[in-house]
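S.K.: From the sequence below, what's the structure:
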Amino acid sequence: HDEIVSIEEVNGAFIDLDVDDASTFFANGILTSNSIYEFRGADPEAFIDMSDLVPNGAGFKTEVLKTNYRSGEEIIQTANRLIAFNTKQIPMTCTANPKRADRGAVDVVNFAPVDGRDVSTPAAWLADQIMEVMEEGQAGEKGYDAFGVGLRSNAEAYTYGLEMLKRGIPFRSKANFFNDPNTQALLHWLTIADEGAAGDVDRINAAILGARSAPATKLGKKFEDKVSELASGNYLTWLSANWQVIYGRGEWSEMVQLYVANLTKVAALHGLPAEQVLNTILEMQGFDGRTVKDVLFDKVRENEEVLAEIRATSVSGTVSDEDIADVAFAPLAPLKGLLGARPGLTEAMKYVRQLQAANAKLTADDDPDAKGFYEPAVTLGTMHSWKGLEVPRMYIPLLGGQFPRISASEEDLASERRLAYVAVTRGEDHVTIMNIPTARNTKEGTVIYESQFVGEMCLPEASDPESVPRTASLDEEDDTVSYWDEQMLDAYL
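M.R.: Numbering: from 1, shown residues only. Purely as a prediction, here's the structure:
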């Protein structure tokens, strides 16, 4: 009950416009839109410009739902203060359910500045926080279903999901570290480096068949079938002596030769530090001269579904090189964290295999839209994906310089605020704002960026994550209650 509803009389029966999920329809003489932010064609600006509640608007009569029946009063007041900074906005000030006894709670946790987009420390804190709440029995009957995390982009989800996986916390997310094909390719190469030329045969053979996608090899199903049919024992040893047998002479044979050369090169890295091994793999070239880094970047460029998602979540509705890089290289930070969590590559890869097994068990189907999913789990998703959902405990990481973006225009800021408003009002009982500044090196020195939304919410300063967060004190109250007549309510429902 916190979405905008714009209304104007029209003739005709129910007509669902369904324009790119814009949620706009005619019914019973009423035009209804609940487009609260830009996403897949939804454009609230069009309705803002038409409203009689906006200065210089077109004068169309507008009714707004003013009572939020989901969230506690403190949560609603926090969202109200934030959205009030939008100078051009259909009024979105809501009141809480007058029958609700408790006020709910909002707190803010301030983190030390992080380096760029490395959110491993906040992600680890959040995972520990969820475990603590569960151990103290504060999650209630819903268990892990009581927790939600609203992120600005799927790129952040890899790190947050990985930290939960380390602790055995089940979660649902469309961005899962171990299910990412780019991560899978890198892990195959790291396995070859860890095992060397004479390691575990089964692991080496599986890695050789799985590492072909990056850097590019063009070696497909035929190559896999031929190797499986002809080779015996250690595939690396066999290919080193028999690579020309797969295709005979010609271009394809040369591709096999290059692939075997890369396999041999990586196997020779056995015993070297994990970070050095990973950096060497990332710079390794394929048959077309592209490095692994280049392939990761181009895979995003060539994936229309991923590009559509980037456009949908982008303020401008376009795809920038920075957006592509965010998605392409998102798994690298948590991967480096995993490799650095153990003294050597062998111990690190043993740890990775343990986590892979846990991932298979905990998130056999971690798609929140999947049919038949029933295991209680933390919901981890972008703020766009949270529209229409709710959880008792909502966590919202605000990464400085990223949400909102440093270069955001006033119009973009307004859109981002509406998105943050949605995230805050997903919480029913408790909302935790995670204030995560970023540190960036410039010509003038190190600059610290903090999300301006933290200040706009007017939350009191909280101590660092080692302490128990404090609840925000909210003084403003609004006793206004809005009622619709029967025709309006029937049309909307």
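
S.K.: What strand or helix carries Glu275?
M.R.: Per DSSP states H and E: Glu275 is located in helix 274-282.

S.K.: buried stuff in that helix?
M.R.: Neighbour-count burial for helix 274-282, with 16 or more other C-beta atoms under 10 Å as criterion, is recorded at 274, 277-278, 280-282. For glycine as for every other residue, the C-beta is placed from the backbone atoms N, C-alpha and C.

S.K.: and of those, the nearest to Glu444?
M.R.: Nearest to Glu444 out of these is Leu282 (C-beta to C-beta; 30.8 Å).

S.K.: For the closest one, give me its contacts.
M.R.: 291-293 (C-beta atoms under 8 Å, 6 or more residues apart in numbering).

S.K.: Quick check: the farthest pair among the buried residues of helix 274-282?
M.R.: Farthest pair in those (C-beta to C-beta) is Ala274 and Leu282. Separation: 12.7 Å.

S.K.: Find the nearest non-adjacent residue to Val295, please.
M.R.: Distance criterion C-beta to C-beta, 6 or more residues apart in numbering; nearest residue to Val295, sequence neighbours excluded, is Ala214 at 4.2 Å.

S.K.: okay, now that neighbour: neighbour count?
M.R.: Using other C-beta atoms under 10 Å, Ala214 is surrounded by 26 other residues.

S.K.: Same question for Lys142.
M.R.: With other C-beta under 10 Å as criterion, Lys142 counts 12.

S.K.: And Asn80, by the same measure?
M.R.: 22.

S.K.: nearest spatial neighbour of it, skipping sequence neighbours?
M.R.: Computed as C-beta to C-beta, 6+ apart, the closest residue to Asn80 that is not its neighbour in sequence is Thr93, at 4.9 Å.

S.K.: Count the residues that sit near the one you found.
M.R.: 17.

S.K.: so Ala358 sits right up against Leu165, yeah?
M.R.: Yes - in this structure Ala358 lies within contact range of Leu165 using C-beta atoms under 8 Å: 6.0 Å.

S.K.: More neighbours: these two, which one.
M.R.: Between Ala358 and Leu165, Leu165 has the larger neighbour count (other C-beta under 10 Å), namely 22 against 16.

S.K.: how far away is the residue nearest to Asn80 from Gln354?
M.R.: Counting by C-beta to C-beta, to the nearest Å, the gap from Thr93 to Gln354 is 50 Å.

S.K.: Can you list phi and psi of Ala357 for me?
M.R.: phi -70, psi -40 (degrees, to the nearest 10).

S.K.: going forward, begin numbering at 20 instead of 1
M.R.: Happy to do that; since the first residue is 20 now, the last one works out to Ala376.

S.K.: List the contacts of Gly290.
M.R.: Gly215.

S.K.: redo that, cut-off 10 Å
M.R.: Residues near Gly290 by C-beta atoms under 10 Å, 6 or more residues apart in numbering: 212-213, 215, 296, 363-365.

S.K.: what's the answer for Thr365, then?
M.R.: Each residue near Thr365 by C-beta under 10 Å, 6+ apart is listed here: 212-214, 218, 289-290, 293.

S.K.: give me that answer again for 8 Å
M.R.: Thr365 touches Asp213, counting by C-beta under 8 Å, 6+ apart.

S.K.: give me the element it is part of.
M.R.: Here Thr365 sits within helix 364-381, counting by DSSP H and E.

S.K.: same for the following helix or strand past that helix, what does it pack against?
M.R.: Once the chain leaves helix 364-381, the next helix or strand it forms, by DSSP H and E, is strand 397-401. If you count contacts as 3 or more C-beta pairs under 8 Å, 6 or more residues apart in numbering; DSSP states H and E, strand 397-401 packs onto strand 166-170, helix 173-185, strand 190-191.

S.K.: Columns mean pLDDT on top of the ones you listed, output as JSON lines?
M.R.: Output for the helices and strands packed on strand 397-401, formatted as JSON lines (pLDDT from 0 to 100):
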{"stretch": "strand 166-170", "mean pLDDT": "96"}
{"stretch": "helix 173-185", "mean pLDDT": "86"}
{"stretch": "strand 190-191", "mean pLDDT": "84"}
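
S.K.: wait, which of those is closest to Ala349?
M.R.: Closest among those, using C-beta to C-beta: helix 173-185, at 3.7 Å.

S.K.: so that closest one versus helix 364-381, what angle?
M.R.: For helix 173-185 against helix 364-381, the angle by axes from the mean of the first three to the mean of the last three C-alpha atoms, to 10 degrees is 90 degrees.

S.K.: Show me what helix 173-185 is in contact with.
M.R.: Helix 173-185 is contacted by residues 136-139, 142-143, 145-146, 149, 168, 170, 189-190, 192-197, 199, 328, 345-346, 349-350, 352-353, 356-357, 374, 377-378, 381-382, 397, 399-401, 416, 418 when judged by C-beta under 8 Å, 6+ apart.

S.K.: Select only the buried ones of those residues in PyMOL?
M.R.: Only the buried entries of these go into this PyMOL selection, using 16+ other C-beta under 10 Å:
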select buried, resi 136+138+139+142+143+145+146+149+168+170+189+190+192+193+194+195+196+197+199+328+345+346+349+350+352+353+356+357+374+377+378+381+382+397+399+400+401+416+418
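
S.K.: Okay, helices next: where are they in the stretch 370-512 of the chain?
M.R.: Using DSSP state H, counting those that start in this stretch, the helices of the stretch 370-512 of the chain run over 429-443, 471-475, 505-511.

S.K.: got the CA coordinates for the first one in CSV?
M.R.: Output in CSV follows, covering the C-alpha atoms of helix 429-443 (Å, rounded to 0.1, in the frame of the first residue of the first chain):
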residue,chain,number,x,y,z
GLU,A,429,19.1,15.7,-9.9
GLU,A,430,16.6,13.7,-12.0
ASP,A,431,18.7,10.6,-11.4
LEU,A,432,18.8,11.3,-7.7
ALA,A,433,15.0,11.5,-7.6
SER,A,434,14.8,8.1,-9.2
GLU,A,435,17.3,6.6,-6.9
ARG,A,436,15.5,7.9,-3.9
ARG,A,437,12.3,6.3,-5.0
LEU,A,438,14.2,3.0,-5.3
ALA,A,439,15.6,3.5,-1.8
TYR,A,440,12.1,4.3,-0.6
VAL,A,441,10.9,0.9,-1.9
ALA,A,442,13.8,-0.9,-0.2
VAL,A,443,13.2,0.7,3.2
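
S.K.: other SSEs contacting it?
M.R.: helix 92-102, strand 410-418, helix 471-475.

S.K.: Give the rounded mean pLDDT of it.
M.R.: Mean pLDDT, helix 429-443: 89.

S.K.: Can you give me the distance of the residue nearest the centre of the chain to Trp144?
M.R.: Among the residues of the chain, the one closest to the centroid is Asn173, at 2.2 Å (C-alpha atoms, centre = their mean). Distance, Asn173 to Trp144, by C-beta to C-beta: 20 Å.
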